[in-house]
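Chemist: need a 3D model of the sequence below.
(one chain, ligands or ions: 1)
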Amino acid sequence: MLSQQQLKQQAADAALAYIEPMLGADVIIGVGTGSTADLFIDGLARYAGRFRGAVASSVRSAERLAGHGIAVLDLNDVTHMPVYVDGADEIDAGMNMIKGGGGALTREKIVASVAEQFVCIADESKLVGRLGRFPLPVEVLPMAREAVARALHGFGGTPTLREGFVTDNGNVILDVAGLEITDPARLEQEINNLPGVVTCGLFALRGANLALLAGRDGVQRLLPGARG
Ligand SMILES: O=C[C@H](O)[C@H](O)[C@H](O)COP(=O)(O)O
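Modeler: Residues are numbered from 1 along each chain as shown. Alright, predicted model coming up:
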């Protein structure tokens, strides 16, 4: 039986095969954050010189890219990005995701918003019937921590401060357990509207365009046809 690490590697390899035909001298690739994205970055090193560079969704990924000699570009200098590749903590059949287990959700959402396509790579344990077993990360300005926590109780969730963690943007994360996520896009909008919230880890208003999910029978491709 393949380990979870081997499955993540398969998903990363599938994404590398998927993006290879898109490469060219002017092409910029959006890169996510996390253990699966790390494997994608390591593989991307094989293509160094065949594309212009990458935009990273975290300091961690930027350092990993640079370590491979891949140019890391400022998003402000980028007008076109064909694809953004990243992992997820959960994904449903409608291509909605929960992200932010690594705390990079805000920059991930920003970089992904510029890309034409979002390709989600994961092992198939991340595929769920309904989002919400994984506590929803919410990035919050430090001064709003308690006010936002009270408001999140009003959504039926139980927020817990991620102790000792500060995001790349200098903020804190509340991990919200117990949410009933029946309408992910609506909940994303409502939580994002709370004063003090930078963004929540629901990726539903803009979900994935393609999911490459590795399991014991190979890599399954999920497309937005089933998007609810
Ligand atoms: O902030 C972290 C990201 O949203 C990751 O994409 C997510 O946590 C999945 O990470 P991993 O590939 O390590 O399971």
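
Chemist: with adjacent residues omitted, what lies nearest to residue 115?
Modeler: residue 84 (3.6 Å; C-beta to C-beta, 6 or more residues apart in numbering). All C-beta atoms are positioned from the backbone trio N, CA, C, and that covers glycine.

Chemist: now do residue 107
Modeler: residue 57 (4.4 Å).

Chemist: so the one you found touches residue 33, yeah?
Modeler: Yes - counting by C-beta atoms under 8 Å, residue 57 does reach residue 33; the two are 5.0 Å apart.

Chemist: what separates stretch 215-227 from the chain centre, distance-wise?
Modeler: 17 Å (C-alpha atoms, centre = their mean, to the nearest Å).

Chemist: buried residues, stretch 178-190. List them.
Modeler: 179, 181, 184, 185, 187, 188 (16 or more other C-beta atoms under 10 Å).

Chemist: quick check: the farthest pair among the residues you listed?
Modeler: Using C-beta to C-beta, those span at most 14.0 Å, a distance reached by 179 and 185.

Chemist: please report phi then psi for the residue nearest to residue 107.
Modeler: phi -100, psi 10 (degrees, to the nearest 10).

Chemist: tell me how many other residues crowd it.
Modeler: Residue 57: 29 surrounding residues under other C-beta atoms under 10 Å.

Chemist: how about the strands of the protein, start to end?
Modeler: Here the chain has its strands, by DSSP state E, at 28-31, 53-56, 81-86, 90-91, 97-98, 115-123, 136-140, 158-161, 172-177, 197-200, 202-203, 210-215, 218-222.

Chemist: columns mean pLDDT, distance to the ligand and mean neighbour count on top of the ones you listed, output as CSV?
Modeler: Compiled in CSV, those are given as follows (pLDDT from 0 to 100; distance: least, C-beta to the nearest ligand atom, whole Å; neighbours: other C-beta atoms under 10 Å):
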stretch, mean pLDDT, distance to the ligand, mean neighbour count
strand 28-31, 98, 11, 26
strand 53-56, 98, 12, 25
strand 81-86, 98, 5, 24
strand 90-91, 98, 9, 24
strand 97-98, 98, 8, 29
strand 115-123, 98, 7, 23
strand 136-140, 99, 7, 28
strand 158-161, 98, 16, 16
strand 172-177, 98, 9, 22
strand 197-200, 98, 12, 22
strand 202-203, 98, 9, 30
strand 210-215, 98, 12, 22
strand 218-222, 97, 15, 15
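
Chemist: could you report the separation of residue 102 from the ligand?
Modeler: 3 Å (C-beta to the nearest ligand atom, to the nearest Å).

Chemist: OK, contacts around the spatially closest residue to that residue that is not a sequence neighbour?
Modeler: Once flanking residues are discounted, residue 102 sits nearest to residue 34: 4.8 Å by C-beta to C-beta, 6+ apart. Residue 34 makes contacts with 86, 87, 101, 102, 104, as judged by C-beta atoms under 8 Å, 6 or more residues apart in numbering.

Chemist: can you count the residues close to the last one?
Modeler: Which is residue 104. So residue 104, with other C-beta under 10 Å, has 28 neighbours.

Chemist: got the residues of the chain near the ligand?
Modeler: Proximity of the chain to the ligand, by C-beta under 6 Å from any ligand atom, involves residues 32-37, 86-89, 99-105, 108.

Chemist: what distance do you get for the residue nearest to residue 115 to residue 177?
Modeler: 28 Å (C-beta to C-beta, to the nearest Å).

Chemist: same check on residue 160?
Modeler: Taken as C-beta to C-beta, the span from residue 160 to residue 177 is 7 Å.

Chemist: any residues in contact with both of the two?
Modeler: The contact sets of residue 160 and residue 177 overlap at residue 135 (C-beta under 8 Å, 6+ apart).
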